[in-house]
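> quick check, what structure comes out for this input:
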Amino acid sequence: MTENVSFDDVRRLPPRAAASHKGTFGRVLVVGGSQTMPGAVALATNAALRGGAGLATFAAPRDVQPAIASMCMCATSLPLDCDPDGALSPACIRQVMQQARKSDVVACGPGMGVGGDRHGVIRALLEYDHPLVLDADGLTNLAALGDWPSTRRCPLVVTPHPGEFARLSGRSIADVQADRENVCLAAMREWGDPQTEDVAPLVCVLKGHHTVVTDGRRLYVNQTGNPGMATGGSGDVLTGLIAAFVAQELDPFHAACLGVWCHGRAGDLAAEELGEVSMMASDLLDYLPFAIREVSGPPETPF
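Residues are numbered from 1 along each chain as shown. Next comes the predicted model:
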């Protein structure tokens, strides 16, 4: 039996205690980036900070790390070793995992590229027990690991658009779009048993008009957002935002539901002022604080 969840069930972030410090609100690691897509990691990392994470670090190829760092003034960074052609070297798996062990959640995939040792990075993160949010190239690399459901040990949130979902599930895009809720539920049964309590949580976020979020037991259909958000980089912002909410100790399903609502609400606020046609993904970062303020509880009194 699937429980339909409304926004009222997931609408609140926990209040912040007066004695909080940056370590209180979690450490997010964002893994990705490449010569052709340095901005993707910057968007995800800045979204993690806008979403309330206390600390954010990005891990990116050494040759693009300085460019990404210039766009992420409040984050730390980890330059990943590359071979002479600029591709990630085998040593990058060890580097990523060392940093992952210092983090509360990992977001992986934005601008990452596909193939090679990136498959090893995804597999290592799947086998680790810390929460993982996978998007974009992270999902393409995941699909190449045909046995990934059996190797997964981590709480996992996947955030595919219809094409990425079709690749992961073996369905056509037309079939996915024709019955979005039911294909998500069917995929959850294929990828793991959502009724088994001792299995790490798995959440699917099928993006698009009325984004669907499910863990196989609960189902949420989002009502915020608009066509102005159909622009490159918008999904990277969502990735960082969900990771931030997981870092603040929301369970993965709750974090994903609240993330898609705030992401869409930021898009709606941006569209009101900028119009849908001219919106860019970076505009979402500017409007996230206003969206998040609508779901934030009052701060705890120090007395």
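> for A56, grab phi and psi.
Here is the backbone geometry of A56 (degrees, to the nearest 10): phi -140, psi 140.
> give me the neighbour count for it.
29 (other Cβ atoms under 10 Å). (C-beta placed from N, C-alpha, C; glycine too.)
> so how far is A48 from it?
5 Å (Cβ to Cβ, to the nearest Å).
> need the overlap of contacts for these two.
Taking Cβ atoms under 8 Å, 6 or more residues apart in numbering as the contact rule, the neighbours common to A56 and A48 are V28, V30, G240.
> in a helix, the second one, correct?
Spelled out, it's V30. No - under DSSP: H, G, I helix; E, B strand; the rest coil, V30 sits outside any helix and is assigned strand.
> could you check the pLDDT of it?
For V30, the model assigns a pLDDT of 98.
> so who does it touch?
When contacts are counted by Cβ under 8 Å, 6+ apart, V30 touches 41, 44-45, 48, 56-59, 106-108, 110, 239-240, 243.
> for the last one, same thing?
With contact set as Cβ under 8 Å, 6+ apart, G240 has these partners: 28, 30, 43-51, 56, 107.
> give the buried subset of those residues as a ChimeraX selection command.
Of the contacts of G240, the buried ones can be selected in ChimeraX as follows, counting by 16 or more other Cβ atoms under 10 Å:
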select :28,30,43,44,45,46,47,48,49,50,51,56,107
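> and the contacts of G240, which is closest to A91?
Ranked by distance to A91 (Cβ to Cβ), those are led by V30 at 19.2 Å.
> the closest one pairs with what?
Counting by DSSP bridges, V30 forms beta bridges with F58, A107.
> what about the helices in the stretch 1-150 of the chain?
38-50, 65-69, 91-100, 118-127, 137-144, 148-151 (DSSP state H, counting those that start in this stretch).
> how about TSV for those, with distance to S234 added?
Output for these, formatted as TSV (distance: least, Cβ to Cβ, whole Å):
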stretch	distance to S234
helix 38-50	9
helix 65-69	18
helix 91-100	25
helix 118-127	22
helix 137-144	15
helix 148-151	25
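> closest to T24 out of these?
helix 38-50 (14.3 Å).
> for that closest one, C-alpha coordinates in PDB please.
Taking Å, rounded to 0.1, in the frame of the first residue of the first chain, the C-alpha atoms of helix 38-50 are listed here in PDB:
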ATOM      1  CA  PRO A  38      32.800  23.600 -14.500                       C
ATOM      2  CA  GLY A  39      29.700  25.600 -13.600                       C
ATOM      3  CA  ALA A  40      27.600  22.500 -12.600                       C
ATOM      4  CA  VAL A  41      29.600  21.800  -9.500                       C
ATOM      5  CA  ALA A  42      29.600  25.500  -8.600                       C
ATOM      6  CA  LEU A  43      25.800  25.600  -8.800                       C
ATOM      7  CA  ALA A  44      25.400  22.400  -6.700                       C
ATOM      8  CA  THR A  45      27.900  23.600  -4.100                       C
ATOM      9  CA  ASN A  46      26.400  27.000  -3.700                       C
ATOM     10  CA  ALA A  47      22.900  25.500  -3.500                       C
ATOM     11  CA  ALA A  48      24.100  23.300  -0.600                       C
ATOM     12  CA  LEU A  49      25.200  26.400   1.200                       C
ATOM     13  CA  ARG A  50      22.000  28.300   0.400                       C
END
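> in the lengthiest helix in the chain, what's buried?
For the chain, the helix with the greatest residue count under DSSP state H is helix 252-274. Of all the residues in helix 252-274, those buried under the rule 16+ other Cβ under 10 Å are 252-271.
> tell me the mean pLDDT for that helix?
98.
> and that helix with helix 38-50, angle?
110 degrees (axes from the mean of the first three to the mean of the last three Cα atoms, to 10 degrees).
> burial count for L78?
Neighbours of L78 under the rule other Cβ under 10 Å: 18.
> can you tell me which residues contact the residue nearest to it when sequence neighbours are not counted?
Spatial nearest neighbour of L78, excluding adjacent residues (Cβ to Cβ, 6 or more residues apart in numbering): A59 at 4.1 Å. Going by Cβ under 8 Å, 6+ apart, A59 touches L29, V30, V31, G32, S77, L78, L80, Q95, V96, Q99.
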